[in-house]
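Participant: Okay, sequence plus prediction incoming.
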Amino acid sequence: MKIFITGPPGAGKSFYGKQLAEHFNVPHIYLQSMLGEIENWNKEKEDGINQRREVKARIRVQEEALKEEERKKQHAAWL
């Protein structure tokens, strides 16, 4: 069963939607909260991506430092 309730703000869409969902034993999907959850999920996903990028950048810097030290050691060994 699918029921779509529409109307102006304050018309009781959420109230009647919740009542109908309970009566017919179907899930009540509140669009406003669903959009908020999607937005939060996207932000969390973005934060995770940014953290991984920062870690990769730190690893690259460390690798370059190690390579430079190795080059210096090799250069010193040749002298």
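Facilitator: Okay, I see it. Numbering: from 1, shown residues only.
Participant: Tell me how many other residues surround the nearest residue to residue 24 once chain neighbours are set aside.
Facilitator: Excluding the flanking residues, the one nearest residue 24 by C-beta to C-beta, 6 or more residues apart in numbering is residue 1, at 5.9 Å. Where C-beta positions appear, they are placed from N, C-alpha and C, glycine not excepted. By other C-beta atoms under 10 Å, the residues close to residue 1 number 7.
Participant: same check, this time on residue 10
Facilitator: By other C-beta under 10 Å, 7 other residues sit near residue 10.
Participant: Wait, the residue nearest to residue 24 touches residue 26, no?
Facilitator: Yes. Counting by C-beta atoms under 8 Å, residue 26 is a contact partner of residue 1 at 5.7 Å.
Participant: Longest helix in the protein, by number of residues?
Facilitator: helix 31-78 (DSSP state H).
Participant: Which pLDDT value does the model give residue 37?
Facilitator: Looking at residue 37, its pLDDT stands at 89.
Participant: burial measure for it, as a count.
Facilitator: 11.
Participant: do you know how far it is from residue 54?
Facilitator: 26 Å (C-beta to C-beta, to the nearest Å).
Participant: now swap in residue 2 and tell me
Facilitator: Distance, residue 2 to residue 54, using C-beta to C-beta: 44 Å.
Participant: Those two - which one has more neighbours?
Facilitator: residue 54 (10 against 4).
Participant: measure that one to residue 48 for me?
Facilitator: For residue 54, the distance to residue 48 (C-beta to C-beta) stands at 11 Å.
Participant: got it, and residue 29?
Facilitator: Separation of residue 29 from residue 48 (C-beta to C-beta): 26 Å.
Participant: Nearest to the middle of this protein, which residue? Look it up for me.
Facilitator: residue 45 (2.3 Å; C-alpha atoms, centre = their mean).
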